[in-house]
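Novice: Predicted coordinates and the sequence they were generated for:
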Amino acid sequence: MKKKLLAGSLAAVMAAAAFAGCSQGAQTKTAKEPAKKSETEVNLTRSGDEKVTLSFCWWGNQTRNDLTKKAVDLYMSNNPNVEIKVEFTDWTGYWDKLSAMAAGGNLPDIMQQDYGYLGSYQSSGQLADLSEFIDSGVIDTEKINKSVIDSSTIDGKCYGISSGVTALMMDYDKAIVEEAGVTIPQQMTFDELYDISQEIYDKTGARTYFDGGMNTLKYMARVNGSSLFEDINAGDDTSVKEHFALVEKFAQAEFAISPDVLAEKNPYVVETKPINDGTTWNDFSYCNQYISICSAAGRELGITMYPTVEGKDTKPMYLQPAAFLSVAETSRNKEEAAKFINWFINSVECNEILMAERGMPVNTDVSEAIKPKADPVAQVVFDYVAEVNTVAGSVDPPEPEGRAEVDDLCNSIVENLRYGDITVEEATESFMTDAKRILDEAAK
Amino acid sequence: MKQTEKPPKSKKTLAQKLNTEKAAGYVFILPFIIGFLAFMAVPMALSFGFSFTRYNILESPVFIGIENYMTMFTKDAKFWKVFGVTMYYVFCSVPLRLIMALAVAMLLVRGTKASGFYRAVYYLPSIMGSSVAVAILWKRMFSGDGVINTMLQAIGIPCSTAWLGRSDTAIWTLIILAVWQFGSSMLIFLSGLKQIPVNLYEAAIMDGAGGFQKFFKITLPMLTPSIFFNLINQLITGFMAFTQSYIITQGGPRDSTRFYAVYMYQNSFTYNKLGYGCAMAWFMILVIGLLTFILFKSQNKWVYYESEG
């Protein structure tokens, strides 16, 4: 009987193998192809070639899954010798799964990577160096801003190509705002947000959600001209304290969505966001998610920048790579994977399907080409990114290992604050101590 | 199996070989042995080893002695919280589930035409119990605008509690889910009930015993072996609970439903601290082992085996 538990607890180890099964398609040897050919030409020369199977995993939501599958199907019909097996999960499940796959040496040929994780996957040698494919022209970077490639370049080698840029946003329900008769400025201060929230609640009864998570906390450090992880290491709790004070202020307000309801309508999952059913009038996220959120909410939402603090001349808003496409070091078909990435990033036909759902395309020609074809919803994202671009500061340095645990720590402290279990001082102290301990341990 | 010389393919030798009791025995247990070695013994040994290392999955493990255990017991406040939550869940859900199972088994033991059908129906939740679909169903049922509240409102109780959003009620929705899955214990009780000799009841009726007396003086004592078996079984299942917490509540609110297995999983795969996760697994094994040991020791105090007279 005891062994039964073991089987369960150790299923973890097995899970690695099981999960990884997906990525272990019948991989055959890479078709030797000279790089840089037009698509039709490639089709002709390839038709008789051996079949290549690639696996492709990403995190996402319903919209992204549907669009990406459509794009992958198109690629497969263009390249009949390539079969791509896709797999997707939500954000949290994705990293659990990916680390289990990495443990089993079975990372997918092509995987979506994130700014916060790229560093640790690179340092442990899990990611293939894409520089050689960039040099050989398999991945064309001519129309991509150098800073985009730089963001995923470590020690002179490139480990991922950004699928698009994104920025923090606050989205809101236009009808409710209109009903309340308030106007939402392009970027308000936190105080203004508080007043507007009160007014909207008085007039419509719609409640307000305030994101207490890491996005806002990191943003707060930027407002103060610093970076959160540097603050933690230096023991500077100014921004952390300010952030938790705001969380408490917004949680205790009359207009706040109650923590019970918030626990149920998880704002970190697109499909359950409290804005979807009008419980709240606002929501916080990244703007590349705007399309999915609108689709989940079933209506077009308004969009504005994250609030700021009055009288700060720092540039807290920033553009960041929404997601990278990376190739596993263990992949047996690196070149084929690189070709797919090239198509994914640089082809107009692919991005016409994806429509900036992974962020604004990094290839300037592509973004120009698809912009006129974008539906009004996607158009909003394009305009928003352009707008943020005018005020954006530089992106924070890549995040250290241990960030996933600090994320959870922050969420759990914020939850306690919202329920009124702890004071701002206690929250600050416990965050600073525990975050430092977690980061120190992870850095060992 | 163990002969070193390869005999020619003579039917007789093969038959002889397979006919020896030893060979047959080994062949029969071979699938289990292979499974046990590959999927239990080796992973168990590995996990024990990993529990003394810092192992982030992506890089090779580094030996750190008992540091993981020290962190667990002295530094990680969440560990004890999670341990407490799991104990609470186990000690509430297991007895309730057994009472439920016994009650339904008592009803079904009288053989009517439909009892086969009912047995199947009541067993169904146990099969689906830990599935993701049921977890999602549960989540919808207990949400603020879910079926439970709608039903309460229909009978005149104005209730719009977000059951899963409150730390005092969320754990109970999971306990109810566990109680609902009483099927497998019920089947064991059913077979236990059928084995109770009818003449005991007949004698009791002759002596003028009522329903209550029959239950407490005959049924319950005669059923103690089944109760004992179910208790140990369910205790272990209870400690391993994962899906309910992971899918329905994600451990929240305020960690009130974060089960041990979930926290262990998070440490292993979300925080990439597989060494720490393994240490947690071994502590759980110790706890379950201890509880099982105590139960076994207490056996002669309350479990009645007929054969022993």
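Specialist: Looks like it arrived, so ask away. Numbering: from 1, shown residues only, chains lettered A, B, ... in the order given.
Novice: Does residue B:166 touch residue A:260 like I think?
Specialist: Yes. In this structure, residue B:166 is within contact of residue A:260 by CB atoms under 8 Å, at 5.2 Å. Using the backbone N, CA and C atoms, a C-beta is placed for each residue, glycine as well.
Novice: Could you chop chain A up by domain?
Specialist: The record's domain parsing of chain A by automatic domain parsing lists A:21-165+A:322-391, A:168-318+A:395-443.
Novice: Please identify which of the ones you listed is closest to residue B:24.
Specialist: Between residue B:24 and these, the tightest spacing by CB to CB is seen for domain A:21-165+A:322-391, at 34.8 Å.
Novice: Wondering if the closest one reaches chain B at all.
Specialist: Yes. Contact of domain A:21-165+A:322-391 with chain B (CB under 8 Å from any CB of the partner chain) involves A:92, A:95, A:96, A:97, A:99, A:100, A:102, A:103, A:120, A:121, A:124, A:126.
Novice: Which of the domains of chain A comes out lowest on mean pLDDT?
Specialist: When these are compared by mean pLDDT, domain A:21-165+A:322-391 comes last with a mean of 83.
Novice: Out of the residues of domain A:21-165+A:322-391 next to chain B, which is nearest to residue A:403?
Specialist: Minimum distance to residue A:403 across the residues of domain A:21-165+A:322-391 next to chain B is 8.8 Å, recorded for residue A:120 (CB to CB).
Novice: Which stretches in the stretch 151-300 of chain B count as helices?
Specialist: Along the stretch 151-300 of chain B, the stretches classed as helices by DSSP state H, counting those that start in this stretch are B:167-180, B:183-195, B:198-206, B:211-214, B:220-239, B:243, B:260-265, B:274-302.
Novice: re earlier: what do residue B:166 and residue A:260 both touch?
Specialist: residue B:253 (CB atoms under 8 Å, 6 or more residues apart in numbering or on different chains).
Novice: Redo the domains of chain A as CSV? Include distance to residue B:24.
Specialist: As requested, the domains of chain A are arranged in CSV below (distance: least, CB to CB, whole Å):
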stretch, distance to residue B:24
domain A:21-165+A:322-391, 35
domain A:168-318+A:395-443, 53
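Novice: Leaving out chain neighbours, which residue sits closest to residue A:378?
Specialist: Leaving aside its chain neighbours, residue A:378 sits nearest to residue A:355 (4.8 Å; criterion: CB to CB, 6 or more residues apart in numbering or on different chains).
Novice: I'd say that neighbour and residue A:375 touch.
Specialist: Yes. Here residue A:355 lies in contact with residue A:375, judged by CB under 8 Å, at a distance of 7.4 Å.
Novice: In terms of neighbours, single out the busier of those two.
Specialist: Neighbour count, other CB atoms under 10 Å in any protein chain shown: between residue A:355 and residue A:375, residue A:355 has more, with 20 against 10.
Novice: OK, contacts around that one?
Specialist: A:67, A:291, A:370, A:374, A:375, A:378.
Novice: So which of those residues belong to helices?
Specialist: When DSSP state H is applied, the contacts of residue A:355 are split such that A:67, A:291, A:370, A:378 fall in helices.
Novice: Now for the nearest residue to residue B:218 once chain neighbours are set aside, how many residues are close by?
Specialist: In space, and not counting its chain neighbours, residue B:218 is closest to residue B:200: 5.2 Å by CB to CB, 6+ apart. Neighbours of residue B:200 under the rule other CB under 10 Å: 15.
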